[in-house]
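In: Next input, structure requested:
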Amino acid sequence: MRYFLSMASFFLLLAVVGLAGCSSEADQAADTTQAAEPSDSLVIELTGADSASVYELLMAAHRVETIESMAGAFVKEIDSVENGHGFFWLYSINDSMGQVACDKYITRDGDRVK
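Out: All right, here's what the predicted structure looks like:
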């Protein structure tokens, strides 16, 4: 009986240590993922102008690299800040996400472009 209790205690201790070790690895993996994500978003604000596309406004104020596609211009980099690691440049007009490529959306005077 004494041998059985010793073995049960040993396996219980082993299970606790094993679980603690697993959660430690999961925490480390979560920390690695968080480190890859930026702590802030980089936001560029522009003011719309009649008959100017979001792309034209952006090009007038910043250095921009794009990739041309059948859907339109895809912004690859703004002022040396490049897409990557699951992060991409997006835009909004008056707090509504753009639904077309930035060279296809024509702004109006006073639009808030981010």
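In: What mean pLDDT does stretch 74-91 get?
Out: In this model, stretch 74-91 has a mean pLDDT of 89.
In: got the buried residues for that stretch?
Out: Neighbour counts over stretch 74-91 (16 or more other CB atoms under 10 Å) mark 75, 77, 78, 89, 91 as buried. Yep, even glycine has a C-beta here, placed from its N, CA and C like the rest.
In: I'd say the last one and residue 98 touch.
Out: To tie it back to what came earlier, the one meant is residue 91. Yes: between residue 91 and residue 98 there is a contact at 4.6 Å, judged by CB atoms under 8 Å.
In: anything in contact with each of those two?
Out: Counting by CB atoms under 8 Å, 6 or more residues apart in numbering, the residues touching both residue 91 and residue 98 are 54, 105.
In: quick one, helices of the chain?
Out: 2-36, 54-61 (DSSP state H).
In: tell me the mean pLDDT over the longest one?
Out: Averaged across helix 2-36, pLDDT comes to 48.
In: what's the answer for the last one, then?
Out: In this model, helix 54-61 has a mean pLDDT of 94.
In: Report the buried residues of that helix.
Out: 54, 55, 57, 58, 59.
In: Setting the sequence-adjacent residues aside, check what's closest to the first one.
Out: What sits nearest to residue 54 in space, not counting adjacent residues and going by CB to CB, 6 or more residues apart in numbering, is residue 102, at 4.2 Å.
In: ok, so what distance separates the nearest residue to residue 101 once chain neighbours are set aside from residue 53?
Out: Nearest non-adjacent residue to residue 101, counting by CB to CB, 6+ apart: residue 72, 2.5 Å away. Counting by CB to CB, to the nearest Å, the gap from residue 72 to residue 53 is 9 Å.
In: shared neighbours, these two?
Out: 102, 103, 104.
In: Looking at those residues, spot the one nearest residue 112.
Out: Nearest to residue 112 among the shared contacts of residue 72 and residue 53 is residue 102, at 14.8 Å by CB to CB.
In: where's that closest one relative to residue 91, distance?
Out: From residue 102 to residue 91 the distance is 6 Å (CB to CB).
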